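Enquirer: Build me a model from this:
(one chain, ligands or ions: 3)
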Amino acid sequence: MADLWQNAMDYAVAIARKAGEVVRDALRDDMKVMTKSSSVDLVTQTDQKVEQLIIQSVKEKFPTHRFIGEESVAAGEACDLTDSPTWIIDPIDGTTNFVHAFPFVAVSIGFSVNKQSEFGVVYSCLEDKMFTARRGKGAFCNGEPLKVSDQEDIKQSIIATEFGSSREPEAVDKIFSSLRNILCIPVHGVRGAGSAAINMCLVASGCVEAYYEIGIHIWDVAAGSLIVSEAGGVLMDVEGGVVDLMSRRIVAANRRAIAERIVKEIDSFSPPRDDTPPSKQ
Ligand SMILES: O=P([O-])([O-])O[C@@H]1[C@@H](O)[C@H](O)[C@@H](O)[C@H](O)[C@@H]1O
Ligand SMILES: [Mg+2]
Ligand SMILES: [Mg+2]
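Expert: Ligands and ions are numbered 1, 2, ... in the order given. You can find the predicted model right below:
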């Protein structure tokens, strides 16, 4: 039987690759850097241009589909995930890296139907690595199958995380408290690519055993979550329950036991959910 969503996934891959070309070209131009939720939460005209490129292209082919885009939400659109076919877009994941030409910048496109992820595409466009996953059909990087690390001992693991873009002292204290707890398990090391989507692809690739972060958004992790799951990994909330992609909290790991061990060390907090109306945030 024909796969209803395979043609949409193929289109997403083509659009992500085209968007990656725009990102690479923009690196050579002078950038107009703006800020959003804090002085270090950066956005550029390229973020906005790439998101519009993706949305307009998809609308031509799938006019009834809906969208959750990072920069559309920043401009005031609601962040509502319904049962409708929905494209969940981070046009540039790693904008701070992009501004500094630090080589981990991704175009991330998730796709959900009936609130279930059907495919995920993360294009690490400076590395030219196309990460893909179709629900039930595995995860791949440039066509090669992905599998999470088989390391069972957290004391022989590398854990990825990010400091995020909040500079609120209370949040920063908890971020550092969690980092200290995890470092002193001890683990072999802590790393951060500067992109949630690429960190999740590093879990799926077996390069790190786990990634956790509080402060991310659904567009950062929608695609990467399916890529991790299809590579044999697990997803969890930072307090150990079922992950909620609107909660702005995530643990992605190669094994449940590793995820549960990390959860024990996280000094958790709850940022305003992505689906909280702007008036109530
Ligand atoms: O803003 P952006 O570059 O698309 O996404 C980034 C995430 O990938 C990262 O994990 C987080 O720590 C940053 O604060 C920022 O949210
Ligand atoms: Mg992002
Ligand atoms: Mg972004």
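
Enquirer: how many other residues sit next to Lys280?
Expert: 7 (other CB atoms under 10 Å). Quick note: C-beta positions are derived from backbone N, CA and C, even for glycine.

Enquirer: Just list the residues touching it, thanks.
Expert: Contacts for Lys280 (CB atoms under 8 Å, 6 or more residues apart in numbering) come out as Pro272.

Enquirer: Closest residue of the stretch 101-250 of the chain to ligand 2?
Expert: Asp220 (4.0 Å; CB to the ion).

Enquirer: In a strand, Ala78, correct?
Expert: No - counting by DSSP: H, G, I helix; E, B strand; the rest coil, Ala78 is not found in a strand; it is coil.

Enquirer: Show me what Val33 is bridged to.
Expert: For Val33, the beta-bridge partners are Thr44 (DSSP bridges).

Enquirer: That one is in contact with Asp41, isn't it?
Expert: No - assessed by CB atoms under 8 Å, Val33 is found out of contact with Asp41, at 11.0 Å.

Enquirer: Which one's more surrounded, these two?
Expert: Between Val33 and Asp41, counted using other CB under 10 Å, Asp41 has the larger neighbour count: 17 against 13.

Enquirer: What are the phi and psi values at that one?
Expert: phi -90, psi 90 (degrees, to the nearest 10).

Enquirer: CA-only coordinates of stretch 78-97, as PDB, when you get a sec.
Expert: Provided in PDB are the C-alpha atoms of stretch 78-97 (Å, rounded to 0.1, in the frame of the first residue of the first chain):
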ATOM      1  CA  ALA A  78      -0.700  30.600  18.100                       C
ATOM      2  CA  CYS A  79       1.300  27.500  18.900                       C
ATOM      3  CA  ASP A  80      -1.500  25.000  18.700                       C
ATOM      4  CA  LEU A  81      -1.000  21.400  17.700                       C
ATOM      5  CA  THR A  82      -4.300  19.900  16.400                       C
ATOM      6  CA  ASP A  83      -5.200  16.600  14.700                       C
ATOM      7  CA  SER A  84      -4.600  18.300  11.300                       C
ATOM      8  CA  PRO A  85      -1.500  17.500   9.300                       C
ATOM      9  CA  THR A  86       1.000  20.000  10.800                       C
ATOM     10  CA  TRP A  87       4.500  21.000   9.800                       C
ATOM     11  CA  ILE A  88       6.600  22.000  12.800                       C
ATOM     12  CA  ILE A  89       9.400  24.200  11.600                       C
ATOM     13  CA  ASP A  90      12.600  25.600  13.100                       C
ATOM     14  CA  PRO A  91      14.100  27.400  10.100                       C
ATOM     15  CA  ILE A  92      17.500  27.900  11.700                       C
ATOM     16  CA  ASP A  93      18.200  25.800  14.800                       C
ATOM     17  CA  GLY A  94      21.400  27.200  16.200                       C
ATOM     18  CA  THR A  95      20.900  30.900  15.300                       C
ATOM     19  CA  THR A  96      23.600  32.000  17.700                       C
ATOM     20  CA  ASN A  97      26.000  29.500  15.900                       C
END
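
Enquirer: Now do it, average pLDDT.
Expert: Stretch 78-97 comes out with an average pLDDT of 98.

Enquirer: Mind listing what's buried along that stretch?
Expert: 79, 81, 85-97 (16 or more other CB atoms under 10 Å).

Enquirer: which of these sit farthest apart?
Expert: Within the buried residues of stretch 78-97, two members stand farthest from each other by CB to CB: Pro85 and Thr96, at 31.2 Å.
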